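let's see this in three dimensions:
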Amino acid sequence: MSGLDDATRGAVVAALRSAGAAFALVHGSTVAGTAGPGSDVDVAAWWASDPRPAFDVLLPPGVDLMVLNGAPLELAGRVALHGVLLFDDDPPARVRWVAQTRKIYADEKPRIERSHREFVESLRRGR
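This is a model prediction of the structure:
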């Protein structure tokens, strides 16, 4: 993955494990291959219990953290579909989270997309 060199990867994994995260995925432009020179690295992590707030986990500069516990479905679903595994200390929990999140996201995606279309249409009409 471009944008995530070995030293940064090691520092991110160490910080997340130290904070108690069970697994983490890289997502966003780093995974999509659209990251530019000034792009950040987006990381999403999940805790089995007592998730830490993102601002409590000290990560290297240029790395943004999303806590998957309680993340909005629209974001969590995209991470579940397209995220690339960074580390996994609890494979059964990860598989369960990914499968459940993908299923719910697939069920709700048509409603999410309809809501977006209706919002854009309301802006177009000046409401």
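
at the geometric centre of the protein, which residue do we find?
Per Cα atoms, centre = their mean, the C-alpha nearest to the average position across the chain is that of Ala44, at 3.5 Å.

can I assume it sits in a helix?
No - under DSSP: H, G, I helix; E, B strand; the rest coil, Ala44 sits outside any helix and is assigned strand.

packing partners of the lengthiest helix in the chain?
Across the chain, the longest stretch assigned as helix under DSSP state H is helix 91-124. Applying 3 or more Cβ pairs under 8 Å, 6 or more residues apart in numbering; DSSP states H and E, one finds that helix 91-124 contacts strand 23-27, strand 41-46, helix 73-82. Just so you know, the C-beta spots here come from the backbone N, C-alpha and C atoms, and that holds for glycine as well.

which strands and helices sit next to the second one?
What it means is strand 41-46. The contact analysis (3+ Cβ pairs under 8 Å, 6+ apart) places strand 41-46 against helix 6-18, strand 23-27, helix 29-32, strand 63-67, helix 91-124.
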